[in-house]
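K.L.:
Got a predicted structure plus its sequence, pasted below:
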Amino acid sequence: MQANQRVRCPNCGSDAWRSYFTSDDFNHRICPSNQVIQTECPACDYLMIMCSRNARVIESYAPGIISSKENKSLNSPQSLAIPVPINLPILSIIDR
């Protein structure tokens, strides 16, 4: 079974295609029922393949979208190592 639907691309907003089909190519633990939804956009090369039963992502590609891992590294401030003299007494275990 296969059905196609015209939708808006979630990445760029252009016309995209969403296909609903059953595929033996995805016969593994991520999609046990093999019912797959594939959304692809020819304008920006967006691709999302996911299981329609449990909504788990099988494959994805979205140029221009920063992953959460990359996003954290871009938003975190870069540490600058500046030596600061600290005059603290040094305690040792032997002094007890």
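P.N.:
Received the coordinates, thanks. Numbering: from 1, shown residues only.
K.L.:
hey, where'd the helices end up in the chain?
P.N.:
Remark: helices assigned in the chain by DSSP state H are 68-75.
K.L.:
where exactly do the strands run in it?
P.N.:
Counting by DSSP state E, the chain has strands at residues 2-8, 15-22, 35-40, 47-51, 57-61.
K.L.:
May I see these organised as CSV, with mean pLDDT added?
P.N.:
Below are these laid out as CSV (pLDDT from 0 to 100):
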stretch, mean pLDDT
strand 2-8, 92
strand 15-22, 92
strand 35-40, 92
strand 47-51, 92
strand 57-61, 90
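K.L.:
Tabulate these in JSON lines, adding columns for mean neighbour count and distance to Arg29.
P.N.:
Where you see a C-beta, it was placed from the backbone N, CA and C, and this is true even at glycine. Output for these, formatted as JSON lines (neighbours: other C-beta atoms under 10 Å; distance: least, C-beta to C-beta, whole Å):
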{"stretch": "strand 2-8", "mean neighbour count": "10", "distance to Arg29": "23"}
{"stretch": "strand 15-22", "mean neighbour count": "15", "distance to Arg29": "17"}
{"stretch": "strand 35-40", "mean neighbour count": "18", "distance to Arg29": "14"}
{"stretch": "strand 47-51", "mean neighbour count": "18", "distance to Arg29": "10"}
{"stretch": "strand 57-61", "mean neighbour count": "13", "distance to Arg29": "11"}
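K.L.:
Distance of the residue nearest to Val57 when sequence neighbours are not counted relative to Ser19?
P.N.:
Leaving aside its sequence neighbours, Val57 sits nearest to Met50 (C-beta to C-beta, 6 or more residues apart in numbering; 5.0 Å). Distance, Met50 to Ser19, by C-beta to C-beta, to the nearest Å: 11 Å.
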